[in-house]
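# test case, fold it:
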Amino acid sequence: MCTTTTDTLEIHAKLLPLEHQIQNLSYQAALCLASHPTSHPLHAPVQRAAKRFVMRHKSSLHHLFHASELDMESVETITHSRRPPSAISPYSINIANSREQAVVNHDLNEDKYKVYCDGSGIDDMIGATAVLYRRGRPQPCILHYHLGSADAHTVYEAEAVGLTLAARLLALEDDLTYPISIYVDNQATIKSGDMLSTKSGHYLIDNFRSSIKQLKKDSKDHNFKITIHWISGHDSEPATEIPMQGSVAQQPISTEAQRQESCARWARQWMKSPRYARTIRLDPHLTAARKSFTSLVQHLPKRHISLLLWLRTRHISLNQHLYRIGKSITPSCPHCVNTLEMVQHYLLICPQYV
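Numbering: from 1, shown residues only. Next up, the predicted model:
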């Protein structure tokens, strides 16, 4: 194990290299400070330190923002209190227990107005769309919104923007009749509207919430009711798959997208490793979050994990590896003639072990 290269161990253990870890921690600290609202006591000193790298009497803030090279104007502002705990939501939510039940509920829904919204990434670009159907009107109303590149924005933001587009479509309609149904295929976006804690992208949900409150205030209908339904993606109306169009709109860069970019830099560095091509043939999903090596072996004893790692990296006590590091006089298998004793031979071919 001591002969295994560091980058191979790091990619299996999901551990950032030291230089990336330091850079990532510094960048996250800078993002956290940059996202404070103007009411925060650190907002003013942070803005001054980021604006100019002084020649004398440099503080830790000066060094932090100079090293991170963070664009302060492009980072989203995260408020620390979204609303009072006693606030009542202007809309209700309905999340079915299963995908099939969601489709059944959708087919039984007889609301006059139905809005379908979705956010997605295409060609490394993030966008959102909303489509409004009114019973008796053949043509739907459609709005698109192009957030920007996937390096600066996330699909979660696009889903939240889709809800805002849905509210905008409703605001443009005359003589609305209630109840109204809005369909989204992302449960996290739906549930975040009731959360009191604030995270990246939640300001978009708050904008949608404010739009619905304004609709309720302007409505003269005493039966005002808007329900957000979860429905599995691609199982309902094809309206959620409309291509992105329209011009690019300037949106604050998501802090979550910035963190994801740090992991992407690590993945690009790993792809340049001489061990990458050989390792990726064994496990094409090695860098995937849900199919990582650590998640697959977490139920195994440590000794079994070590054996698997030795086999995957080929740094194991077989003659081919021992000969390469000068610990064996021959790379051949002691039981087979003129055959290298490698992992594949040991596991699948050699009659002594098979």
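
# C-alpha from now on. contacts and neighbour counts both.
Fine.

# can you get me a residue count around H66?
Neighbour count of H66, defined by other Cα atoms under 10 Å: 16.

# so the closest residue to A171 other than its chain neighbours is in which element?
In space, A171 comes closest to L215 once its chain neighbours are excluded; the distance is 6.7 Å by Cα to Cα, 6 or more residues apart in numbering. According to DSSP states H and E, L215 maps onto helix 202-218.

# other SSEs contacting that helix?
Under the contact criterion of 3 or more Cα pairs under 8 Å, 6 or more residues apart in numbering; DSSP states H and E, helix 202-218 touches helix 155-172.

# outside of the helix it packs on, which residues touch it?
With Cα atoms under 8 Å, 6 or more residues apart in numbering as the test, helix 155-172 has contacts from 115-121, 126-132, 141-145, 147, 176, 182, 184, 186, 189, 201, 204-205, 207-208, 211-212, 215.

# circling back: who does the helix or strand just after the helix holding L215 pair up with?
Per DSSP H and E, helix 202-218 leads on to strand 226-230 as the next helix or strand towards the C-terminus. Strand 226-230 has the following strand partners under DSSP bridges: strand 92-94 (parallel), strand 180-184 (parallel).

# and the helices in the stretch 51-200 of the chain?
Ranges of helices in the stretch 51-200 of the chain, per DSSP state H, counting those that start in this stretch, are 60-68, 99-108, 155-172, 187-191.

# pLDDT (mean, whole number) over the last one?
This points to helix 187-191. Here helix 187-191 scores 88 as its mean pLDDT.

# how far out from the middle of the chain is it?
14 Å (Cα atoms, centre = their mean, to the nearest Å).

# who does that helix touch, helix- and strand-wise?
Right, helix 187-191 is packed against helix 155-172, strand 226-230 by 3+ Cα pairs under 8 Å, 6+ apart.

# which residues touch D124?
S149, A150, D151.

# go through stretch 120-135 and flag the buried ones.
By 16 or more other Cα atoms under 10 Å, the buried positions in stretch 120-135 come out as S120, G121, M125, I126, G127, A128, T129, A130, V131, L132, Y133, R134.

# what do you get for stretch 34-51?
Buried residues in stretch 34-51, counted by 16+ other Cα under 10 Å: A34, S35, H36, P37, V46, Q47, A49, A50.

# host element of the fifth one?
Element membership for V46, per DSSP H and E: helix 43-51.

# report the angle between the axes of that helix and helix 60-68?
Helix 43-51 and helix 60-68 are oriented at 50 degrees to each other (axes from the mean of the first three to the mean of the last three Cα atoms, to 10 degrees).

# how far off centre is the helix holding L215?
24 Å.

# can you count the residues close to K58?
When neighbours are defined as other Cα under 10 Å, K58 has 11 of them.

# try S210
A count of neighbours around S210, defined by other Cα under 10 Å, yields 16.

# mind checking how far it is from S295?
From S210 over to S295 the distance is 40 Å, taken as Cα to Cα, to the nearest Å.

# also P351?
Per Cα to Cα, P351 is found 33 Å from S295.

# ok so, going back, what's the neighbour count on the residue nearest to A171?
19.

# what does D175 give?
Taking other Cα under 10 Å as the neighbour definition, D175 ends up with a count of 9.

# got it, and C333?
18.

# contacts only, for it.
With Cα under 8 Å, 6+ apart, C333 has these contacts: N319, T339, L340, E341.

# with that, I have no additional questions.
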